[in-house]
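S.K.: fold the following and give me the result.
(one chain, ligands or ions: 1)
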Amino acid sequence: MSRSAHPAGPRYADVLPEGHYVAPPTDLNELDPRVWSRTVARGDDGVVAVGGMDVKRLAEEFGTPAYVLDEDDFRARCRAWRDAFGTDADVFYAGKAFLSRAVVRWLHEEDLNLDVCSGGELLTALDAGMPAERIALHGNNKSTDEITRAVEAGVGRIVVDSFQEIARVAHIAERLGKRQRVLIRVTVGVEAHTHEFIATAHEDQKFGLPLAGGQAAEAVRRALKLDGLELLGIHSHIGSQIFDTSGFEVAAHRVIGLLRQIRDEHGVELPEIDLGGGLGIAYTSDDDPSEPHQIATALREIVTRECAAAGLAVPRISVEPGRAIVGPTAFTLYEVGTTKELPGLRTYVSVDGGMSDNIRTALYDADYSVALVSRASTAEPMLTRVVGKHCESGDIVVRDAFLPADVAPGDLLAVPATGAYCRSMASNYNHALRPPVVAVRDGAARVIVRRETEEDLLRLDVG
Ligand SMILES: *Cc1c(COP(=O)(O)O)cnc(C)c1O
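M.R.: I've put the predicted structure just below:
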């Protein structure tokens, strides 16, 4: 979705963006299961519960705003991906979507691998006991220190991203007397976002070595010569919030073309390809994502067909879902502070968080849904804009939302599908205290990342 498809500002407030739900939902109390995590339900008293915990109790105990994460749903999604891809493929959870030590333990227990892309994420993964061989290190500018720590720890793979890095990783591995397994990240000339994929300007980006022009092939040549490296395969990541597999089809075709070229030139068949992440989720009822088993079947078919055509054995496939695992598992719980009716325009509903806990609306024009969760209401639907408490008019949480017309200060609102890229991108803008992540399961709730405190804020400010 392009930015221009979303006219912003009060002048357009009565015109909903194209493709957005234009009619209010028939029942505002209903919770669309595509958008909410699987244990979410509205009780007979009208109060929404998740993991057997009602939101009023959660708000009392943990305060607002808070990210509420459905542990059963998280684990079920891990298993769905694991089972869909089977034992001859690897699923790496992309830790940048949301990472904490509890999450690392769940991933370990559910038999997933883990992608990290910084020293901090690597530290979190190792500290929580993820076996190093199940960790992959990413990044276009890993520091010498990050590479050294990863090689020393024995990470299963480093995805190398530049000529300098190939030499750097090889040098560090040799110095430590090791041989580091690596994949080379390539750009295949496709960048997929949502429904369309763009086949131009894709190589003009900081990640990867382009296939076109031969840089990727040159990287392979160099990596194969270095004693410190064991080249496992090729990595490609084509975008985010993707709803169909056509972009992956082009990517697989081109990556396998490179594998064939490598076999012809060097006489080696690389054993792995990593097709990256980027699978979409439902942020609103308009989104219709695929199930992991559909994605697995489609990717396997594409790779098998392309390998048959190239006369290659089918390599081991890896995928790296982040959003598709954690995104739908959490909602953000807010309390309404003020409402402001602008006659003829809409009603602004202000909550006690905003762009510091969810930057995606401001950053990407992302669409979200919202519901009144502390009670049911029979009031008429009212067009609102749910906004935060920060000092910016762009501090929007949900641009166009229907809420019951009696929404009032003290009500609790929840914004679903905030598990990915919300806490992990949260900031202290306006010296906001970043909200906690509360995991719920079987009628119990526990904090897995605590709320920041005023002491935390002042501790960094050395005066
Ligand atoms: C961000 C990223 C992912 C995960 O993307 P999602 O959209 O969260 O699935 C996977 N692989 C790489 C290399 C990434 O940069």
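S.K.: only alpha carbons, please: show the lengthiest strand in the chain as PDB.
M.R.: Ranked by residue count under DSSP state E, the longest strand found in the chain is strand 330-342. What follows is strand 330-342, C-alpha atoms only, in PDB (Å, rounded to 0.1, in the frame of the first residue of the first chain):
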ATOM      1  CA  ALA A 330      -0.400  -9.900  21.100                       C
ATOM      2  CA  PHE A 331      -2.600  -6.900  21.500                       C
ATOM      3  CA  THR A 332      -1.800  -3.600  23.100                       C
ATOM      4  CA  LEU A 333      -4.100  -2.600  26.000                       C
ATOM      5  CA  TYR A 334      -4.700   1.100  26.400                       C
ATOM      6  CA  GLU A 335      -6.900   3.300  28.600                       C
ATOM      7  CA  VAL A 336      -8.900   6.100  27.000                       C
ATOM      8  CA  GLY A 337      -8.000   9.500  28.500                       C
ATOM      9  CA  THR A 338      -9.900  12.000  26.500                       C
ATOM     10  CA  THR A 339     -12.300  12.100  23.500                       C
ATOM     11  CA  LYS A 340     -12.800  15.100  21.200                       C
ATOM     12  CA  GLU A 341     -15.600  15.400  18.700                       C
ATOM     13  CA  LEU A 342     -14.800  17.500  15.700                       C
END
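S.K.: OK, contacts around K142?
M.R.: A150, I158, D161, E165 (CB atoms under 8 Å, 6 or more residues apart in numbering). (C-beta placed from N, C-alpha, C; glycine too.)
S.K.: likewise for D73?
M.R.: With CB under 8 Å, 6+ apart, D73 has these contacts: S37, R38, T39, P328, T329.
S.K.: so for stretch 380-396, what gets flagged as buried?
M.R.: P381, M382, L383, T384, R385, V386, V387, G388, K389, H390, D395, I396 (16 or more other CB atoms under 10 Å).
S.K.: helix/strand/coil for the second one?
M.R.: Taking DSSP: H, G, I helix; E, B strand; the rest coil as the rule, one finds M382 in the strand state.
S.K.: number of nearby residues for the nearest residue to it once chain neighbours are set aside?
M.R.: Using CB to CB, 6 or more residues apart in numbering and skipping residues adjacent in sequence, the residue nearest M382 is A405, 4.0 Å away. Residues lying near A405 (other CB atoms under 10 Å) number 16.
S.K.: bridge partners for the nearest residue to D411 once chain neighbours are set aside, pull those for me.
M.R.: Excluding the flanking residues, the one nearest D411 by CB to CB, 6+ apart is V336, at 4.6 Å. With DSSP bridges as the criterion, V336 is bridged to V351.
S.K.: can you give me the distance of V336 to G410?
M.R.: 7 Å (CB to CB, to the nearest Å).
S.K.: which of these two has more neighbours?
M.R.: V336 (21 against 9).
S.K.: residue contacts, the more buried one?
M.R.: Under the criterion of CB under 8 Å, 6+ apart, the contact list for V336 reads V349, S350, V351, V407, A408, P409, G410, D411, L412, L413.
S.K.: confirm G344 sits in a helix?
M.R.: No. Per three-state DSSP, G344 lies outside any helix segment and is coil.
S.K.: from the contacts of K142, pick the one nearest the ligand.
M.R.: D161 (9.6 Å; CB to the nearest ligand atom).
S.K.: state the distance from the closest one to V447.
M.R.: Distance from D161 to V447, by CB to CB: 36 Å.
S.K.: out of the two, which sits in the busier spot?
M.R.: Neighbour count, other CB under 10 Å: between D161 and V447, D161 has more, with 23 against 14.
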